[in-house]
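Novice: Structure for this input, please:
(2 chains)
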Amino acid sequence: MTWLHPQAAWWFLLAIPVVLLYILRRRRRRLVVATTLFWQEVWQESAPRAWWQKLRHGVSLLLQLLFLALLVTALMEPVRAGSQRDRMLVVLVLDHSASMNAWLDPGQTERGTRLDRATQIAREYIHALGSDDEALILTTADRAQVLCGRTQHRGTLLDALEEVRPTDLPGHPEAALKLAAGLPGHEGHRRVVWISDQAPAGDTAALAGANPEWVPVGNRHPNAGVTALAGRIDPSDPTMAVVDLEVGWFSSEPGSFSVAMNRDGRPYDSFFFELGPNQRANRRIRLPLQGGRLLEWGLDMDDALITDNHAALMLPEPTPIVVQLLGTPNLFLEEVLRAQARLVLAGPDLPAEQVDFCVVHGEIPETLPDCPIWILAPRTDGPDWSAGPVHQSPVLQAGAVDHPLMRHVDVASIHAAWCRTLVPPAGAEVLIDAFGSPVYAAWVQTGKKRLVLSLDLARTDLALRTAFPILVANAMQWLVPSAIDRPWAFQPGEPIQVDPREGMSTERWVHPQGLSISAREAMTVGVPRAGVYRLDPVPAGDPSGRCAVNLSHAGESNVYAESGSDDYTPAPLQTGLRPGRRPLWIYLVVAAGLCTVFEWVAHHRRWVD
Amino acid sequence: MIFEWTQPWMLWGALALVPVLVVYRRSLVDLPRGQQRAALFMRVAVLLLLLLAAAGLVLVKPGDRHFTVVVVDRSRSVDPSATAQVDTVLAEVQRQVRTGDRVAVLPYADGVGELVAADAAWTNAWPAGGTVGTDTATALQAALTAMDPSYAAHVILMTDGWATGDDPGAAASALRRSGAALDVVSMASRLDPEVQISEVRAPSSVHVGEPFRLEVLVDANQAQEATLSLYREGILLAEEPVTLEGGSHLFTFRHVPDEGKLQAYTVRIRAEQDHLVDNNEGQVVVATTGRPRVLAVGRRPRELRPFARALEQEDIEVEVRTEDGIPNDLADLQGFDAVSLHNVPATAMTEEQMRLLRSYVRDTGGGVLLVGGDRSYGLGGYFRTTLEEIMPVHSDFEREREHPSLGMVLVLDKSGSMNGLKLDLAKEAARAALDLLDARDQIGVMAFDDQTQWLSELRSASDRTYIRDRISTLRPGGGTSMGPAMRAALAALDSTDTRLKHVILLTDGMSKPDDFFGLAQAMSAAGITVSTVGIGEGADQPLLEQIASWGEGRSYFTVDPSAVPRIFARETVTATRSALLEEPLLAVPMPGPGMLRGIDFNQAPFLLGCVLTRPKATAEVHLATERGDPLLVSWRYGLGKVVAFMSDAESRWAAEWLSWEDFGAFWAQVLRDTLRVRAPDQLQVQWARQGDALRLDVRTDEAGRPVGDTMDTVTVSVLDPAMGSTVYPLERSGPDRYRTQIPISGRGLHMLRITQSRNGETISETERGYMAGYHEEYRVRPPHTEAMQTWAQLGGGQVVPPDGVVLQTQRSGARVPHALRPLLLKVALLLFLVDLALRRIDFSSYIHRIRSPKKEPS
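Specialist: The predicted structure is shown next:
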């Protein structure tokens, strides 16, 4: 037994006044009586009240001292020996991934979602905490988040639970388990309670370290949903888009449903799916890029999970790429650049900030423009490269054949009568070399992309080869990865990249239901809910300023495969905590209360004096 | 300010007041009433205070206490002297800390340590799990878990900005959402003299014998001399001294692999002044895909033996098949780097096979070599076929004036059974035949059922518009009677003066009996040749073969109506006898580099013939005859390359070439130039190391994927250095694009087998090796200020210098619970004492004494 506040023992000094008051002879009251017939009897009763006799019969005093002792002991807060080691830290890990939004019973939505049930279970755990137990709450979806730090205060814990928000994020329990396994600063027992519709899985070491106890929530109900959706430009026709739509049916029975497709809110197409148990199917859709940017798909089902019944894609706006051609004019170069779809040749007077990238041929300007630059056949050294040895009739060879800049470029067919090589900065990737010396190299210097090809177009047949337009297309793609090449839809939690621009720090992605997140933050952590977001304020360069975020996750849509039974029968929760284990001071205070009541009764009924 | 109860059920204890009150009513105590009431009040108050204490009355009010945790990166990449920066921060924090605030230090590296006091002893605290690794994300979260929520949380992260675990940006953002503030203090990276191999780059896949570059990026923080060595499987391949300045350096090795397998290349650097040895080695794995594989298809495999043998000697593997072995699916084709068709007529291929070949070249980058013969190009019916679309030459050609003129009658069955596709394709075939003739030729088109009808009488082929229009009027109906039609064709051709006369007879049924033998004999006597084409199972194949035999022509039978135009084209070109040039000719190389570099054509013997073609506009002619006819032409088609050789590689025309010493080199160079440029896998694999994981991006080939409900799945099976095998499914990230993250378990070779399956069947597979090098922690580099800025921004704070740390002082809004129990119990004790006093002291007598003057007793 140890004491948390031993200094409270000073209160035992109150025993002195208690004893003194007990000893104190109370002066008899002067009363006029009708007879003294019973005086003798009264006298006999009061006769033994000498001060030493009073102690002998001092039950009242004992009760008073007992009361005092109980309360002062309670103030000193006794704790059982080793109870510090026995203090339990309960780590409540609450899954709020997308599948937790599934209805407990799609027919009776008033019963709430799995997340509602999980939150309720967490409350029950908090109520069942022992008095000296601590708890902390983690939420987990695609990553772990500390909802409430370690505390004994239930109110704080319960308040924190109110902050749990549903998300459409995919579930990745590893981070939460790792965090729970390595919590600093706790010497006692630790219990990790995993409240989720999915058994904890992931890294074996983290599982072993956290040793989580799974409290399953949810039950099995069939669900259909869009499990994957992605699109890109048709490589054979840049005016067309190719979209892959994948749907899944998660049930032990076959099912059928139709998916309606809208374009900018107008019906565009519909698809009917008849699927077997736990089957997925996909459709490839080709459609022109023009004619509406927002593509939406909707399932005609009221099933367990609503989020995956809708999906959307934002088709890109094919914006032109502005290229400035500087240096020595070259007809082949101009024609090849003109032949590139979406590429616009700008005059040399256009300010650099309005140019997407710059092609410098031959003569190198004294100051290079502040934009990505492709330098061809440089006649002089540049700021971060210099000329290397010269070769007659060099044999050209591809260096980094896996590099995107060399995709489909056949170097073997290029003949050069003469070439100057270059010495790029360290870290540059050599794409073509001649006898080991770089001829074509790429690097990034202070955030600016540089691409230098030292071959002289007049002394090689490169410009006449099919490799040349491919080289140009690859270079364009590398120098200006345009919006058209970015994903057309994102998953919750996936970073949403936007071009850094002025005023971006104030932009926010706003969900149709009002949720908003700063565009800068979304570039790192994405957004938590599915839907079509819009930028606020709308940026000048992108009048629509929208992005589509879809659940598109078969694992989350498969709410049938998880725990629970077919029927909703909430089982009584066994928390396994120690609700009966209370601090000793409570018992002391209660005993003191009973003691004082008894003393009161004994005193007034004259059982004691 | 609100009140809370921790054990509200304890308030049921108020029932204890009942006996107190009842007993008071029946009290036997003779105290004055007022004093008794006061005692009752006191006792009830004591009881109530005890009840409130037992029920756990808590006062919750806003607090302004702060809990500052200094999260210190103790990983290997941080310079040991940076502890002084931590001391500075702690001193600054201690200077600003207020009463009630708390400060602690949380060390971390690959794991998180224990929270320790912010005093000088913090340097003894080390994280769990060693110092090789920097899991900043977990450390930030762990700091938050350790802090009592009744304090306003302030995290000061001290790091060099290089994290090897999860993204700390997300953790910083979560920290801010949890109400905590995050400031970042930059720590110094290692300052010891250091040389490291930062990166080793090489192509993931090369062919045996194909030289490749191996690039080594070396970083050094001091100028010094060093030695760079390249090893393959432990064998030293090259060693060179290098001079290092402070900064990055790029060195290159060139190597020619001589064995077909996965090969690990190791680069090591040795320098005198170097602190960490773990980062002096870099590795890369190159998949040497073995010898290129070529599929050679010809009518008779033995005729291809010289070609195959020559290529085998040049390290090219050749699989020879007959025309029946032309692949029917892309997966079969994908097994080869090039396909070589030797004198294969278009009629030996289905339309689907030709389309596959086109996809193979255009979409997957495969190579196709077309080698001539008397059944190829125009003579093989390539005209207007998919095959002609992909090849670099036109199969028709400008015939020379001395070639003989041709009179040709097309006799087409228009009986009722020809209705539909068959008749449409017969018309198309007739038009194709017309297009292959020139103005000196004459053509007539006749249709027959029970009756014979001239659609277009025999007339000059230059009158194309009329003839085309007439062909279009062909309508089906009636039975099948070939005899009268053949007689009419005989009569018409007999009266023309063309030097060559030919009849093509097309039918799909059984003709009424007639004297076909007599007719054929008569035609033969008149110098008219007859070829027959039977479509479908209903055609009288034996009769048609006999007529062709008697008429000295060729007989064709097909169940595929789409083959009819190819047959007609082939027949027409054959009949003109003009596509062949059968005379000794010399191959003359054309100027330019290209595929024939180094071959001495002055020593090349004669070729004995070739097929005449026309090069397409953008094609490249490498060899020509002395007369200028193209002999070897190539062009790029889509991602692949197609090469056409108009002579052959057999004994008919290339008999003398077979003994030419450069015969093997010639074909090897032509084929090497034609081979797929990219790795022959349908799966394009890219990876990037991200902390302790490898991000894998796989691009599958969409060419063979039917549009519909089929599902492709892609998995990667990883064999780690400890020989543990794990299979990871890849998520779809776009059409034909898949991705996943693979945890990297330790240093060494990770074998990755990537499999694409469709409907449960493996359709493509590839193997790659990833060599996990030294841990990122050993990479020496300056502090990552950009990352720290981002984290601070996401965490709602800023990057500050060690002596610029500012603790927050504003009210935090955190709720602070105050347990009222001690106060309540103390008050109860005091009231109890008063209660006892009221019982023992008769205050009424004192009051009475004060109110009335003292009197003597009587």
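Novice: Residue A:585 looks like it's in a strand, true?
Specialist: No. Residue A:585 is assigned helix when assessed by DSSP: H, G, I helix; E, B strand; the rest coil, not a strand.
Novice: so which strand or helix has the residue in the stretch 201-350 of chain B positioned nearest to chain A?
Specialist: In the stretch 201-350 of chain B, the residue that lies nearest chain A is residue B:248 (3.5 Å; Cβ to the nearest Cβ). For the C-beta atoms, the positions are set from N, CA and C on the backbone; glycine is no exception. Per DSSP states H and E: residue B:248 is located in strand B:247-255.
Novice: List the strands paired with that strand, with their directions.
Specialist: Note on strand B:247-255: by DSSP bridges, its sheet partners are strand B:212-220 (antiparallel).
Novice: Rounded mean pLDDT for the strand it pairs with, please.
Specialist: Mean pLDDT, strand B:212-220: 84.
Novice: cool, stretch A:262-278 as well?
Specialist: 91.
Novice: Just give the closest residue to residue A:274, not the sequence neighbours.
Specialist: Spatial nearest neighbour of residue A:274, excluding adjacent residues (Cβ to Cβ, 6 or more residues apart in numbering or on different chains): residue A:256 at 4.3 Å.
Novice: Surely that neighbour forms part of a strand?
Specialist: Yes. Counting by three-state DSSP, residue A:256 is found in a strand.
Novice: if I pick it, what's in contact with it?
Specialist: A:272-275 (Cβ atoms under 8 Å, 6 or more residues apart in numbering or on different chains).
Novice: re earlier: the strand holding residue B:248: which residues count as buried?
Specialist: B:248-251, B:253, B:255 (16 or more other Cβ atoms under 10 Å in any protein chain shown).
Novice: Can you tell me the closest non-neighbouring residue to the residue of the stretch 201-350 of chain B closest to chain A?
Specialist: residue A:426 is the one closest to residue B:248 (Cβ to Cβ, 6+ apart), at 3.5 Å.
Novice: my guess is the one you found contacts residue B:249, does it?
Specialist: Yes. Assessed by Cβ atoms under 8 Å, residue A:426 is found in contact with residue B:249 at 5.0 Å.
Novice: what do those two both touch?
Specialist: residue B:217.
Novice: ok so, going back, now the residue nearest to residue B:248, what's its secondary structure?
Specialist: Classification of residue A:426 by three-state DSSP places it in coil.
Novice: wait, does stretch A:318-337 contact chain B?
Specialist: No. Shown here: stretch A:318-337 not in contact with chain B (Cβ under 8 Å from any Cβ of the partner chain), separated by at least 14.1 Å.
Novice: Which positions within that stretch qualify as buried?
Specialist: Neighbour-count burial for stretch A:318-337, counted by 16+ other Cβ under 10 Å, picks out A:318, A:321-327, A:330, A:333, A:336-337.
Novice: Can you name the residues in contact with it?
Specialist: With contact meaning Cβ under 8 Å, 6+ apart, stretch A:318-337 is reached by A:238, A:289, A:340, A:342-348, A:350, A:352, A:354-365, A:369, A:376-377, A:379, A:457, A:463-464, A:468-469, A:472, A:476, A:480, A:482-484.
Novice: Could you do stretch B:162-170 as well?
Specialist: For stretch B:162-170, the external contacting residues (Cβ under 8 Å, 6+ apart) are A:143, A:175, A:524-525, B:77, B:110, B:133-138, B:140, B:189, B:691-692, B:775-777, B:779, B:781, B:783-784, B:787, B:790-791, B:794.
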